[in-house]
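Undergrad: using only what follows, build the 3D model:
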Amino acid sequence: MKPLLPIILFSLFIACSKDEKLKDVSIPKILVLKEMSGSFAADASPMEHSLQWQETYTLTNDGDFTKLRISLDGKKEASSGTYRLVQNASEIYLEFSHTTESAIIGSCTKGIESLMYKNDRRWRSTWSACDGPNMIYESAD
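TA: Residues are numbered from 1 along each chain as shown. Down below sits the predicted model:
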């Protein structure tokens with residue numbers, strides 16, 4: 001039993017550390033698209049000052065969200081659904097499940113978008129994993 005005690009204690013420590021990390025992440029109320037670049041290395045320079053559209057996620061306390069995109073010509077498109085905070089082995093994500101199909105859903109999985117936590121203010125879209133653009137959002141809170 002003695003040889004197993006350090007392993008058990010270490011496992012408990014790791015399990016508690018993961019839960020604490022998830023609790024420390026505050027869910028923003030509004031996320032604003034700040035940077036966008038191509039998913040390939042040659043296109044990787046940020047285009048902050050020449051974004052192709054403005055985009056926001058507005059999140060409510062009850063788990064609902066609305067995503068709004070305004071194109072350069074003023075055309076507005078919106079999509080909504082539910083969101084949740086998810087943690088895998090090493091990363092934290094906001095996962096958005098859209099209730100309707102929309103051209104503004106940028107993801108590798110139909111109807112579900114994910115933003116990966118980078119720091120207290122910044123989240124990165126995972127769409128670039130399947131050749132979508134690299135998109136960085138900042139909290140407007």
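Undergrad: from what I see, Cys108 and Thr126 are in contact.
TA: Yes: counting by Cβ atoms under 8 Å, Cys108 does reach Thr126; the two are 6.8 Å apart. No exception for glycine: its C-beta is placed from N, CA and C like everyone else's.
Undergrad: which one of those two has more residues nearby?
TA: Using other Cβ atoms under 10 Å as the criterion, Cys108 and Thr126 rank with Thr126 on top: 22 against 14.
Undergrad: with adjacent residues omitted, what lies nearest to the more buried one?
TA: Ser114 (4.5 Å; Cβ to Cβ, 6 or more residues apart in numbering).
Undergrad: how many other residues sit next to Asp141?
TA: 12.
Undergrad: so it touches Val32, yeah?
TA: No: using Cβ under 8 Å, Asp141 is not in contact with Val32, being 10.3 Å away.
Undergrad: count of neighbours near the residue nearest to Thr126?
TA: With other Cβ under 10 Å as criterion, Ser114 counts 20.
Undergrad: ditto for Leu33
TA: Neighbour count of Leu33, defined by other Cβ under 10 Å: 19.
Undergrad: and for Glu55?
TA: Neighbour tally, Glu55, other Cβ under 10 Å: 22.
Undergrad: measure it to Ile70 for me?
TA: Glu55 sits 8 Å away from Ile70 when distances are taken as Cβ to Cβ, to the nearest Å.
Undergrad: likewise Lys34?
TA: Counting by Cβ to Cβ, the gap from Lys34 to Ile70 is 15 Å.
Undergrad: in contact with the most centrally placed residue in the chain, which residues are there?
TA: Centroid check for the chain by Cα atoms, centre = their mean gives Leu115 as the closest residue, at 1.2 Å. Neighbouring residues of Leu115 by Cβ atoms under 8 Å, 6 or more residues apart in numbering: Leu31, Tyr57, Tyr93, Leu94, Phe96, Trp123, Arg124, Ser125, Thr126, Tyr137.
Undergrad: got a pLDDT number for it?
TA: Note on Leu115: pLDDT of 97.
Undergrad: can you name the residues bridging to it?
TA: Leu94, Ser125 (DSSP bridges).
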